[in-house]
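> Dropping a prediction and its sequence here:
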Amino acid sequence: MNAAPQAVAATAGFDVERLRADFPILQQEINGKPLVYLDNGASTQKPQAVIDAVSNFYAHDYANIHRGVHTLSERATAAYEGARDRVQRFLNAADRREIIFTSGTTEAINLVAQSFGGQKIGQGDEIILTGMEHHSNIVPWQLLAERVGATIKVVPITDDGALDLDAYTSLFGPRTRLVSLVHVSNALGTVNPVQAMVETAHAHDVPVLLDGAQAVAHTPVDVQALGCDFYAFSGHKIYGPSGIGVLYGRRELLEAMPPWQGGGDMITTVAFEGSTYAAPPYRFEAGTPHIAGVVGLAAALDYVDAVGLPSIAAYEHDLLDYATTAVGELPGLRLIGTAPEKAAILSFVFDGIHPHDIGTVLDFEGIAIRAGHHCAMPVMTRFGVAATARASFGIYNTRAEVDTLVQGLGKVREMFS
Ligand code: PMP
């Protein structure tokens, strides 16, 4: 299979073998076969630079942050706050105070639902979500809606796995208070036209939260260009540690939002008569955070930026095209999610074989994929399947690994036919 000349040009200079050498976990065999890690949508592996940053931090600089008068606390605080600057640059946020560290995308969305939602969304108000949201961008809104008596409206998905944008436009009404929308779908791979969708919402004076969990590692994100009001992502999906994530929020909105969790570090004064709260971002960072996770996240962003997101996007796009053609040639394989704009995710069902069986047989071959509903049960319902098998690609995957996947799927069919 030959790549289009344009794709070759776009990916020339992307030295995947050199990148693979940065990831120690990839240098192993699973069940006697070289590991082929195609579960990047669930979590990505870590380069040595991230492992070293976390390990060196614990070995040399670790202490609790803020208010410490001793050297280690000052060093740890500098590392933690330096990472905030790093994330600000990564997202091109206008102000470092717009960056809040959370435990991940899930916590970031819950923060907005409870703080912003609790204040601005009430009885009879409406929240717009889409049919392709991860459960973490559905359930927090359901909890809020049940509590305050709000209603959730859902943008339908077209047969190829895109959003129905006419339906989206028609969902706005006088009671619409928020749109919360996935940037890249983890179950379908669809890249949504979020910039245009933000413009539509803003034309109705409705703010927008973007769930960037599957986007940040695959495409450059500029929150000012996107115009979104909130943006959430997780460190572990961008080659950083798990347990750490980010909520970007526009400063005017954050300033007006009440705290959502109380504790140390989020206050200005505390008395039994009443307490006063710190300004953002600290108002939303109660308790001792995942300090080493923040350090690891900054190292991961350094790593990804050194490789370069535009070339990562071009490389992965080429790989997706190659993989789509290769698996598409397998009789009995049905891709779920064939929208024109996609990130490097292949979700499929195969010859009536249960996706868990596909995943188990592929594991014998050293190939790691995911099987299940991908925390997106409404997507499964929309496409009339209980589960899919999903291969999701990252910066270290190769065409040779796609070939191994295709051979593995051949074995799956032999075993179950
Ligand atoms: N949104 C999307 C689109 C996701 O893919 C995921 C993780 N699978 C999440 C949200 C939740 O991320 P986390 O579990 O890191 O909070």
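That came through fine. Because the structure is predicted, anything quoted here is derived from the model rather than measured.

> Measure how far whichever strand or helix holds residue 85 is from the centre of its chain, please.
Assigned by DSSP states H and E, residue 85 belongs to helix 71-91. With CA atoms, centre = their mean, to the nearest Å as the basis, helix 71-91 stands 22 Å off its chain's centre.

> which residues sit against stretch 122-129?
117, 121, 137-138, 141, 144-145, 148-155, 168, 171-173, 175-181, 201, 206 (CB atoms under 8 Å, 6 or more residues apart in numbering). (Glycine included, C-beta is placed from N, CA and C.)

> at 7 Å what do you get?
For stretch 122-129, contacts defined as CB atoms under 7 Å, 6 or more residues apart in numbering pick out 121, 137-138, 141, 145, 148-155, 171, 173, 175-180.

> Keep only those of these that are in strands.
151, 152, 153, 154, 155, 176, 177, 178, 179, 180 (DSSP state E).

> Make a PyMOL selection of the buried ones in these.
To isolate in PyMOL the members of the ones in strands among the contacts of stretch 122-129 that are buried, counting by 16 or more other CB atoms under 10 Å, one can use:
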select buried, resi 153+154+155+176+177+178+179+180
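
> just the ones in strands among the contacts of stretch 122-129 now: which is nearest residue 321?
Set against residue 321, the nearest of the ones in strands among the contacts of stretch 122-129 by CB to CB is residue 155 (27.0 Å).

> list the contacts for the spatially closest residue to the closest one that is not a sequence neighbour?
Leaving aside its chain neighbours, residue 155 sits nearest to residue 130 (4.1 Å; criterion: CB to CB, 6 or more residues apart in numbering). Contact analysis of residue 130 by CB under 7 Å, 6+ apart lists 154, 155, 163, 181, 182.

> Between those residues, which sits nearest the ligand?
residue 182 (5.0 Å; CB to the nearest ligand atom).

> Endpoint to endpoint, stretch 269-276 covers what distance?
End-to-end distance for stretch 269-276, by CA to CA, to the nearest Å: 5 Å.

> the domain parsing of the chain - what is it?
Split into domains by automatic domain parsing, the chain comes to 5-47+308-416, 51-305.

> With mean pLDDT and distance to the ligand as extra columns, can I get those in CSV?
CSV is the format used below for these (pLDDT from 0 to 100; distance: least, CB to the nearest ligand atom, whole Å):
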stretch, mean pLDDT, distance to the ligand
domain 5-47+308-416, 94, 6
domain 51-305, 98, 3
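
> Where does the residue nearest to residue 336 when sequence neighbours are not counted sit: helix, strand or coil?
Leaving out its chain neighbours, the residue that sits closest to residue 336 by CB to CB, 6+ apart is residue 347, at 4.5 Å. Following DSSP: H, G, I helix; E, B strand; the rest coil, the label given to residue 347 is strand.

> From residue 204, how far out is residue 347?
Between residue 347 and residue 204 the computed distance is 32 Å (CB to CB, to the nearest Å).

> tell me the contacts of the residue nearest to residue 336?
Taking CB under 7 Å, 6+ apart, one finds 187, 188, 189, 335, 336, 337, 388, 390 in contact with residue 347.

> Helices of the stretch 251-400 of the chain, start to end?
In the stretch 251-400 of the chain, the helices defined using DSSP state H, counting those that start in this stretch lie at 251-256, 291-307, 309-328, 355-364, 377-382, 399-416.

> The last one - contacts with which helices or strands?
Identification of packing neighbours for helix 399-416 by 3 or more CB pairs under 7 Å, 6 or more residues apart in numbering; DSSP states H and E yields strand 36-37, helix 309-328, helix 355-364, strand 367-368.

> Next, format the contacts of residue 130 as TSV and append distance to residue 299.
Below are these laid out as TSV (distance: CB to CB, whole Å):
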residue	distance to residue 299
154	38
155	37
163	35
181	29
182	27
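
> rewinding a little: winner for burial among the helices and strands packed on helix 399-416?
Highest mean neighbour count among the helices and strands packed on helix 399-416 (mean count of other CB atoms under 10 Å): strand 36-37, with a mean of 23.

> how close does residue 367 get to residue 394?
Distance, residue 367 to residue 394, using CB to CB: 14 Å.

> actually residue 364, not the one I typed
Distance, residue 364 to residue 394, using CB to CB: 22 Å.

> Check residue 195 too.
Look at residue 195 and residue 394: by CB to CB, they are 25 Å apart.
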